[in-house]
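**Student:** kindly generate the corresponding structure for this input.
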Amino acid sequence: MPAKGAVLLAMGEITEEARALDVFPAVDVERTKELYEQSDASCAGLQRSHVPRQISGGAPTLGRHTVSLSDVHRTYVQAPIYRDNSRRALLWNNFTSLVTQVRRITPAASVYIGGSFVSWKRKPDDIDCVFVLDKAFTRAITNEKHVRLLRSLGRGKNGSLFKYGIDSYTLDWEAIPITQPENNLHHRYLIHRGYWDDWLQRNSVKNEDPHPVHALPGHGYLEVMLDGYAVSL
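**Tutor:** Next comes the predicted model:
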């Protein structure tokens, strides 16, 4: 962990947009500790294991795996093979700082993490992540700065956060107790969840022509618990 009060390193100079959003403030060790503790508490009682990996590649085995922030940190930042890897430490510090900012605005049930960061790639390009946010809370937000941050959070490579190695998107979680959609809103929500599950397990197509083999799942991804899921009774 960085020393208390240390300024968080960024991938480049902080843009005016990011500065206005207060995304990358000074690191607060105590707040980061609380973040890890909350993540561990949200995993308590859930079926969970250490990050499951394939023998080759270091990526999770097929499927979605429930883990905590501590699990990811130990496996992909602190492991002996990465211990002196400044790139991974930088990406992780930026990511956890962003998580802290998001949770100041709205409860975050979890965040999906996939891509090159959860692999043996020594210098990953970025952290691919999808924040699962409770729609009941996010739709009630009116603070202009908070709205801008959530908007940037969902823009991926087109957002200001990508400059800092964070390729982020959002998924509005809804407490729908049935699996058969009753209206178009339910239908779009279920499709959206399925889209991310499929996308995060595919091998990316970069300098190749698309081929049916690219539709096959190639690896799994992590669901990192943050505040956990809850419903009002």
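
**Student:** and residue 35, which of the three is it?
**Tutor:** helix (DSSP: H, G, I helix; E, B strand; the rest coil).

**Student:** next, count neighbours for the residue nearest to it when sequence neighbours are not counted.
**Tutor:** Nearest residue to residue 35, sequence neighbours excluded (CB to CB, 6 or more residues apart in numbering): residue 100, at 5.8 Å. Every C-beta, even on glycine, is put in place using the N, C-alpha and C of the backbone. Applying other CB atoms under 10 Å, we find 17 residues neighbouring residue 100.

**Student:** can you pull the contacts of residue 69?
**Tutor:** 35-36, 39-40, 96, 99, 224, 226 (CB atoms under 8 Å, 6 or more residues apart in numbering).

**Student:** just give me the closest of the residues you listed to residue 178.
**Tutor:** residue 226 (25.7 Å; CB to CB).

**Student:** and the closest one, how far from residue 131?
**Tutor:** To residue 131, residue 226 is 8 Å away according to CB to CB, to the nearest Å.

**Student:** now list whatever residues contact both of the two.
**Tutor:** Joint contacts of residue 226 and residue 131 (CB under 8 Å, 6+ apart) are 108, 111.

**Student:** more neighbours: the two, which one.
**Tutor:** residue 131 (25 against 22).

**Student:** show me where pLDDT drops low in the chain?
**Tutor:** In the predicted model, the chain carries pLDDT under 70 at residues 1-28, 47-57, 181, 205, 207, 232-233.

**Student:** can you classify the residue sitting furthest away from the middle of it as helix, strand or coil?
**Tutor:** Relative to the C-alpha centroid of the chain, counting by CA atoms, centre = their mean, residue 182 is the outermost residue, at 29.5 Å. Secondary structure for residue 182, judged by three-state DSSP, is coil.

**Student:** all helices of the chain, in order?
**Tutor:** Using DSSP state H, the helices of the chain run over residues 16-21, 29-43, 69-76, 86-105, 135-138, 144-153, 184-201.

**Student:** among the ones you listed, which is nearest residue 62?
**Tutor:** So among the helices of the chain, helix 184-201 is nearest, using CB to CB, at 6.5 Å.

**Student:** in the closest one, what counts as buried?
**Tutor:** Residues of helix 184-201 classed as buried by neighbour count (16 or more other CB atoms under 10 Å): 189, 192-193, 196, 200-201.

**Student:** now distance to residue 139 too, for those residues, in JSON lines please.
**Tutor:** Formatted as JSON lines, the buried residues of helix 184-201 follow (distance: CB to CB, whole Å):
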{"residue": "189", "distance to residue 139": "13"}
{"residue": "192", "distance to residue 139": "15"}
{"residue": "193", "distance to residue 139": "18"}
{"residue": "196", "distance to residue 139": "20"}
{"residue": "200", "distance to residue 139": "25"}
{"residue": "201", "distance to residue 139": "29"}
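
**Student:** report the central residue of this structure.
**Tutor:** residue 129 (3.4 Å).
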